[in-house]
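Student: I need the structure of the sequence given here:
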Amino acid sequence: MKNKVRMRTSLSEEIESLLNDQIKKEAKSSFLYLAMSAWCERQGFVNSARFFEIQSDEERQHMKRIFNHISSVGGNAITPEVVNIQQEFESFRSVFDIALDQEIAITLSISNIVDKCTLAKDYTTINFLNWFLTEQVEEEAIARRCLEIFDIVDHQGLGFLMIDREIALVRGKGSEQQQ
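Tutor: Numbers count the residues shown, from 1 in each chain. Predicted structure coming up:
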């Protein structure tokens, strides 16, 4: 039985459901990036492994941020079940292609929630989600920069080592671009 205090919330059922779906998407991103980290480590790309480990941690923080928001406004946050995470990847570059696709999908998902919030006149949730929209601009820019490195550097032998070394520098450069 719901506590009477928990029954009073500013979230509509539709928005709460969309936010809980977003929690699952963020969790899936976190586990996907962790799998990418492990794959890169196995391939000897230690900087890229660390890059994806950091990405995984960030996605988990995003998940928790949404989870806490739902709870703080009296909603019912759901702990997601995440299954079928890809563990093997076709190539070093494909890992980064998938990462960019994942970031774009997250951006579109959050934008969709904002659209629904606009229709529902849920300005509190829109305000909350604006942080995520800004964050996604940076995340997409970082993913694109990683792919640019593949386009610049030769994809053979020492080229892979150079790419991996450059990936270690991308997070700092991505942040500077947004300032």
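Student: May I ask which helix or strand encompasses residue 106?
Tutor: helix 92-120 (DSSP states H and E).
Student: which residue is nearest the middle of this structure?
Tutor: residue 59 (4.5 Å; C-alpha atoms, centre = their mean).
Student: ok, the nearest residue to residue 34 once chain neighbours are set aside - how many residues close by?
Tutor: Take residue 34 and drop its neighbours on the chain: the residue closest to it by C-beta to C-beta, 6 or more residues apart in numbering is residue 56, 4.2 Å away. Using the backbone N, CA and C atoms, a C-beta is placed for each residue, glycine as well. Residue 56 sits with 20 neighbouring residues when counted by other C-beta atoms under 10 Å.
Student: Remind me what the helix holding residue 106 packs against, helices and strands.
Tutor: helix 13-43, helix 46-72, helix 123-152 (3 or more C-beta pairs under 8 Å, 6 or more residues apart in numbering; DSSP states H and E).
Student: repeat that with 7 Å
Tutor: helix 13-43, helix 123-152 (3 or more C-beta pairs under 7 Å, 6 or more residues apart in numbering; DSSP states H and E).
Student: Burial-wise, tell me which of those comes out on top.
Tutor: Highest mean neighbour count of the helices and strands packed on helix 92-120: helix 13-43, a mean of 20 (counted as mean count of other C-beta atoms under 10 Å).
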